[in-house]
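Student: model the following, please.
(one chain, ligands or ions: 2)
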Amino acid sequence: MTTPVSAVPVPAAATDGNAANAPNAADTGGSAASPTPWHTLTAAQAAAAAGVDPAAGLSEAEALKRLEANGRNDFPEPPRPSRLRMFLSQFRSLVIGLLIAAGLVSGAMGEWIDAIVILAIVLINGVMGYLQEYHAEQSIASLRKMTAPMAKAKRGGKIRNLPAGELVPGDVIQFEAGDLVPADARLIMASGLRCLESALTGESDAVAKSADLLSAADAPLGDRENLIFMGTSVAVGEGEAVVVATGPATELGRIAGLLESAGADSATPLQKRMDALGKSLVWICLGLVAALFGLGLWRGRDPFEQFLTAVSLAVAAAPEGLPAVVTVALALGVQRMARRKALVRRLPSVETMGSATVICTDKTGTLTAGEMTVRELFVDGESFSVAGGALEPVGAVLRGGAAPDVNQSEQIRFLAAVHAATATANLYREGDIWKVAGDPTEGALLAVGRKAGFNAETHSHGERLHAFPFDSDRKRASVIHLGGNGAGGDGRARLSVNGAPDLLIALCTRVHGRNGPRDFLPGERDAVLAANAAMAAKGLRVIGSGYRFLETPLPAGESGAPDMQAAERDLVFTGLAGMQDPPRPEARVAVAECKDAGIRVVMITGDHPATASAIARDLLISGDGAEVLTGPGLDALSQPDLEAKVERVSVYARVSAAHKLRIVQAWKTRGAIVAMTGDGVNDAPALKGADIGVAMGRSGTEVAKQASDMILADDNFATMVAAVEEGRGIYQNIRNTLQFLLAGNAGELLVMTVAIVVGWDSPLLAIHLLWINLVTDGLPALCLASEPIDRDVMKRPPRDQRALLSDRGFLFPLLLTGFLTATVTLIAFRMGAAAVGTDGGRSLAFTTLVLAELFRSFGARSETRPVWRMDWTVNLKLVSVVVGSIALQFLIHQIPVLERILKVRPLGFAEGLMVVGLALIPLAVTEIAKAVRMAGFKRPGRPSPGIPVPRKASGNVLQRPYAGHPKR
Ligand code: ADP
Ligand code: MG
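Tutor: Numbers count the residues shown, from 1 in each chain. Ligands and ions are numbered 1, 2, ... in the order given. A predicted model of the protein is given here:
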């Protein structure tokens, strides 16, 4: 579909700047008739036409009014099934259809009680299914809300952070590199602004934008340089704009096809496999049941009775509840992850997270606390230490324990002035506590300036003409000022730069000495680099600074902004600042956990290699003398060389965003499941390329968040490990629940099959099977699916993502349990039948089977821990469901009405004891078998059970977690 680019006559009113009615034109922007050609208006005209004062923005009241008139700034979700339809869909399965038929047939035959009970059970099942689905959907929806994009808008004169969905036409928005463009808007200010518009125009290079240029009315979208568009993102620079269209009225909204893809891919691989497994099991059950039905008829049993039994058996044996169990387990897991500050954006990544084998993580702020304190300075060939806390301006700069001399103090304050000029962060006080608004690295630099006596309040940097913000590829930030205390006097503009010293020094041609700028002395550059390396080796993060006066006029680059390349050269070096950023204590624990869990931790940082390896050693990510691969080192390697090397490298330093993608790809070709963190615009390809892209919630850009599968609300490495733990726990819960359900079904099928084959009366009636399905399958299974995760999951190697349930560790206990359950049920039946007749036998068999399954649900809580080693307090829901169900089971033997409905007889004390004794046998035997198996696995060199062992693994899987994964 082409976007409307046809020539639209400029409304005379709008070009006159007299645009009383124009806001309405914006409001109804969706009407194809004559959308306001915003790109032909000047910024002032556009603001007037949108009915807003750009200095103050809209008032909250006005914004609310417009929100009501225009609707939200997002796209209407594809119509969700109504609640009624969701409820009805619970009855749309083959098995339920059969059951309803059975109910109707019973009614027709005059068996009213049976008919009512069957239909009641169908209804209860439907309600339960509906409630589960509804809750799961709610929890996913609330998560979607938490991870929705945010925007900065001026409301009532103040900048507010608000959900992009609440923007209205006329809102004045601000944005910078890494932000998503939240709506279509006319620029009123742009500084070095470039946008990535490929989503809209297909153009892959960033497009320069400017506030003042007017474009021809018929300019194609890509040439409307004074407009920015929803769905694109800011690559570099910053700007301010007036929103002119929101939601469906935007250019993005007009491209119909794009909208449909949103919100797809909601089923996880596990859900899909469960669905498939469930379906095939249903057919197998139906086949078996049909065969039993035929056999029963052939043996001359009552056809109606046989039909009911067959249908009930199909209902009881078919694992219809599987998809629901998976949905519930996933939804609960997602909620738990959110509580642990890991926000999942795509459901399938919950599972992927659980099978991660490699975590590639940022260092600063993720492995470290991100609380910087400058500890050392290096100015004019001398080192100084800094005493005092992180941000409060209390402390001192010392030289060998004494105060620096007057001259040195002067130079340190000069360095502080360069720091302060370059920084965009601010220090402020909240009560007694000093805080930083903005980049903590800059905050630390500002704090040390105050300690050194630099007076930020009285110092004026002059007019801020332009900024090239920090960017982790350039590894520096620079700002151009005109005038101020540090001015050159002759009206020239001044450039101040902070950045990675080893790169910055290459741009410096002179050094700031005690009498001002002078040439480097012989060997002085090397002395600076040595000081840098010495600080880095202590784990300090080092920032170098420089400045220069610019020729006038400023060399201009594209989009009117000064040319960065031309500006950032011939700098005067002013000094180094080394700051401490302590490792997070919880990161140390999390790294150790990863080791136990067979997950490789790889640190990727823009910092100096020595800083990186000091922190990596501290956190035990790498040992002494371990190799550190740098960005330039990576550039020198071909991709196959990198693949050969990637398993030996745990620390990458001085890398840029493009390297991250290469590292991800190298690991992936080695068969690893890779989680990769990122925060910048440039990290988006790596986040998308990784199996699990993880964005930083606090320091991350919107672009990175939208490219990610998961967001760490607290930027913390330990949170990522917690997410792995949850992912594994969810899988384990699903596995346990599935095993429990299938073992029960196998038992029921076996009981009925044996009876028919041997020629006994049916040990269980239709109504019994339905009751078992409802009481012993449904509720305990749900409780199992919501079991708190087992901490042991982090003591095993990652599971092979392809293997689901085909392993012996899963099937053997399942079959054993099914066999034992069937055996005790048949024993109860035969003993009862011998003593008090068939009805009595059925009564006993029924209750034995119910109790056996209820007891066994306790064992099903863990695949590795026998019941006597479980914590009973953590899943009280299961305990109460089981206790309640047992009580109910005994109750039906005592209450005449229930006795009649469920066709049971009163249970004597001795009989009760016998039933309980028999029902305990399957639990006892399986738990002892579990303990024996675990003892076997404890022998050294054997991997733990529960997780399929990679087949091709050579060597210890714990050390080479990726070894078992095939090339993908
Ligand atoms: P990381 O986030 O992995 O620690 P960065 O890309 O943020 O790496 O930083 C790389 C280098 O850039 C740092 O070692 C430091 O020298 C420099 N640097 C970091 N932050 C700033 C900043 N705000 N201003 C100037 N230089 C910075
Ligand atoms: Mg950083």
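Student: for the rest of this, base every contact and every neighbour count on C-alpha atoms.
Tutor: OK.
Student: any low-confidence regions in the stretch 551-700 of the chain?
Tutor: For the stretch 551-700 of the chain, the stretches with pLDDT under 70 are 552-561.
Student: hmm, try it at 80
Tutor: 551-565 (pLDDT under 80).
Student: who in it is up against ligand 1?
Tutor: Selection of the stretch 551-700 of the chain residues close to ligand 1 by Cα under 6 Å from any ligand atom yields 605-608.
Student: the chain now?
Tutor: For the chain, the contact set with ligand 1 under Cα under 6 Å from any ligand atom comprises 362-364, 439, 441-442, 470, 472, 475-477, 498-500, 541-543, 605-608.
Student: those in strands, which ones?
Tutor: 362, 470, 476-477, 498-499, 541-543 (DSSP state E).
Student: nearest to Ala713, of those residues?
Tutor: Asp362 (14.9 Å; Cα to Cα).
Student: which stretches in the stretch 551-700 of the chain count as helices?
Tutor: Secondary structure of the stretch 551-700 of the chain (DSSP state H, counting those that start in this stretch): helices at 564-567, 585-596, 609-618, 631-635, 639-645, 657-669, 684-689.
Student: how about the strands in the stretch 101-250 of the chain?
Tutor: 150-155, 158-163, 172-176, 184-196, 207-208, 227-228, 233-245 (DSSP state E, counting those that start in this stretch).
Student: same deal with the stretch 451-600 of the chain?
Tutor: 463-471, 476-482, 493-499, 508-513, 516-519, 541-549, 571-580, 600-604.
Student: flag every buried residue along the first one.
Tutor: Residues of strand 463-471 classed as buried: 464, 466-471 (neighbour count, 16 or more other Cα atoms under 10 Å).
Student: which residues does the closest residue to Val867 other than its chain neighbours contact?
Tutor: In this structure, Val867 finds its nearest non-sequential neighbour in Gly859, 5.6 Å apart by Cα to Cα, 6 or more residues apart in numbering. Contact analysis of Gly859 by Cα atoms under 8 Å, 6 or more residues apart in numbering lists 866-867, 923, 926-927.
Student: and those residues, which of them are buried?
Tutor: Buried by 16+ other Cα under 10 Å: 866-867, 923, 926-927, out of the contacts of Gly859.
Student: closest one of those to Leu64?
Tutor: Of all these, Leu64 sits closest to Val867, with 57.8 Å by Cα to Cα.
Student: the closest one contacts Glu927, correct?
Tutor: Yes. At 6.8 Å, Val867 counts as touching Glu927 under the criterion of Cα atoms under 8 Å.
Student: what is the mean pLDDT for stretch 317-329?
Tutor: Stretch 317-329 shows a mean pLDDT of 75.
Student: give the buried residues for it.
Tutor: 317-329.
Student: TSV for those residues, including secondary structure?
Tutor: Below are the buried residues of stretch 317-329 laid out as TSV (DSSP: H, G, I helix; E, B strand; the rest coil):
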residue	secondary structure
Ala317	helix
Ala318	coil
Pro319	coil
Glu320	coil
Gly321	coil
Leu322	helix
Pro323	helix
Ala324	helix
Val325	helix
Val326	helix
Thr327	helix
Val328	helix
Ala329	helix
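Student: in the stretch 651-800 of the chain, what residue lies closest to ligand 1?
Tutor: Arg654 (6.6 Å; Cα to the nearest ligand atom).
Student: tally of neighbours for the closest residue to that residue other than its chain neighbours?
Tutor: The shortest distance from Arg654 to any non-neighbouring residue, by Cα to Cα, 6+ apart, is to Gly606 (4.1 Å). For Gly606, the neighbour count with other Cα atoms under 10 Å is 22.
Student: what distance do you get for Gly606 to Ser708?
Tutor: Distance, Gly606 to Ser708, using Cα to Cα, to the nearest Å: 20 Å.
Student: wait, what's in contact with Val757?
Tutor: Counted by Cα under 8 Å, 6+ apart, Val757 has contacts Leu295.
Student: just the element for it, please.
Tutor: Element membership for Val757 (DSSP states H and E) is helix 717-758.
Student: next secondary structure element downstream of that helix?
Tutor: Downstream of helix 717-758 (by DSSP H and E), the next one is helix 766-772.
Student: tabulate the buried residues of strand 463-471 in JSON lines, adding columns for pLDDT and distance to Leu347.
Tutor: Listed next are these as JSON lines, based on pLDDT from 0 to 100; distance: Cα to Cα, whole Å:
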{"residue": "Arg464", "pLDDT": "86", "distance to Leu347": "45"}
{"residue": "His466", "pLDDT": "83", "distance to Leu347": "43"}
{"residue": "Ala467", "pLDDT": "83", "distance to Leu347": "40"}
{"residue": "Phe468", "pLDDT": "84", "distance to Leu347": "38"}
{"residue": "Pro469", "pLDDT": "83", "distance to Leu347": "35"}
{"residue": "Phe470", "pLDDT": "86", "distance to Leu347": "34"}
{"residue": "Asp471", "pLDDT": "82", "distance to Leu347": "32"}
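Student: if we can go back for a sec, of the strands of the stretch 451-600 of the chain, which stretch is the most buried?
Tutor: Highest mean neighbour count among these (mean count of other Cα atoms under 10 Å): strand 571-580, with a mean of 28.
Student: show residues contacting it.
Tutor: 371-380, 414-415, 444-445, 501, 505, 507-512, 517, 532, 535-536, 539-548.
Student: what about the nearest residue to Gly222 once chain neighbours are set aside, distance to ligand 1?
Tutor: Leaving aside its sequence neighbours, Gly222 sits nearest to Thr201 (Cα to Cα, 6+ apart; 6.2 Å). Applying Cα to the nearest ligand atom, to the nearest Å, the value for Thr201 to ligand 1 is 30 Å.
Student: quick one: pLDDT of Thr201?
Tutor: pLDDT, read off for Thr201, is 81.
Student: can you pull the contacts of the closest residue to Asp179 other than its chain neighbours?
Tutor: In this structure, Asp179 finds its nearest non-sequential neighbour in Glu702, 5.0 Å apart by Cα to Cα, 6+ apart. By Cα under 8 Å, 6+ apart, the contact list for Glu702 reads 149-150, 178-180.
Student: now pLDDT and secondary structure too, for the buried ones among the contacts of Gly859, in a markdown table please.
Tutor: Formatted as a markdown table, the buried ones among the contacts of Gly859 follow (pLDDT from 0 to 100; DSSP: H, G, I helix; E, B strand; the rest coil):
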| residue | pLDDT | secondary structure |
| --- | --- | --- |
| Pro866 | 91 | coil |
| Val867 | 91 | helix |
| Leu923 | 96 | helix |
| Thr926 | 94 | helix |
| Glu927 | 94 | helix |
